[in-house]
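Asker: need a structure here:
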Amino acid sequence: MNILSVKEIKVMPIVGVRPQIIKSAPVLHLLDEDEEVTLQLIHSGQHYDFEMSKVFFNEFDLPDPLRNLGIGSGSHAAQTARLMMRTEKIIRELKPDVVMVFGDANTTLGGALAAVKVHVPVCHV
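Answerer: Down below sits the predicted model:
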């Protein structure tokens, strides 16, 4: 499928750490204004306490995520593995046209790998 020729596009942004939430804000606001875009915002749960996560959703007036994958803390491998497994399940369920990842955290790697493995295009900001 050529995502540029679709009338409505489902975009699945995946964030999980404070810098990603901050970086994603202007992009998410622009996408949210576009009537042809359906946002399927996912939070990995990599940063999971209020001061490292929810406070920034509030500060930047971002919508609540559809899902929180709850990957929590752990080694890089453990976080990435949990994220890949949980993201793949969500991708198969919600069927986004593109997965959008931000920065260079474990959330970025796990989200991008999960999308590629199920043949969903990835946008890296």
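Asker: what stretches of the protein score poorly on pLDDT?
Answerer: Residues of the chain meeting the criterion pLDDT under 70: 1-6, 47-53.
Asker: give the contact list for the residue nearest in space to the middle of it.
Answerer: Centroid-nearest residue in the chain: residue 14, 0.8 Å away (criterion: CA atoms, centre = their mean). Residue 14 makes contacts with 42, 43, 44, 87, 99, 100, 101, 102, 107, 108, 111, as judged by CB atoms under 8 Å, 6 or more residues apart in numbering. (Glycine included, C-beta is placed from N, CA and C.)
Asker: could I get those residues as JSON lines with secondary structure, neighbour count and distance to residue 77?
Answerer: As requested, these are exported to JSON lines (DSSP: H, G, I helix; E, B strand; the rest coil; neighbours: other CB atoms under 10 Å; distance: CB to CB, whole Å):
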{"residue": "42", "secondary structure": "strand", "neighbour count": "27", "distance to residue 77": "21"}
{"residue": "43", "secondary structure": "strand", "neighbour count": "26", "distance to residue 77": "21"}
{"residue": "44", "secondary structure": "coil", "neighbour count": "31", "distance to residue 77": "15"}
{"residue": "87", "secondary structure": "helix", "neighbour count": "28", "distance to residue 77": "15"}
{"residue": "99", "secondary structure": "strand", "neighbour count": "26", "distance to residue 77": "21"}
{"residue": "100", "secondary structure": "strand", "neighbour count": "26", "distance to residue 77": "24"}
{"residue": "101", "secondary structure": "strand", "neighbour count": "28", "distance to residue 77": "18"}
{"residue": "102", "secondary structure": "coil", "neighbour count": "24", "distance to residue 77": "21"}
{"residue": "107", "secondary structure": "helix", "neighbour count": "28", "distance to residue 77": "14"}
{"residue": "108", "secondary structure": "helix", "neighbour count": "24", "distance to residue 77": "15"}
{"residue": "111", "secondary structure": "helix", "neighbour count": "34", "distance to residue 77": "15"}
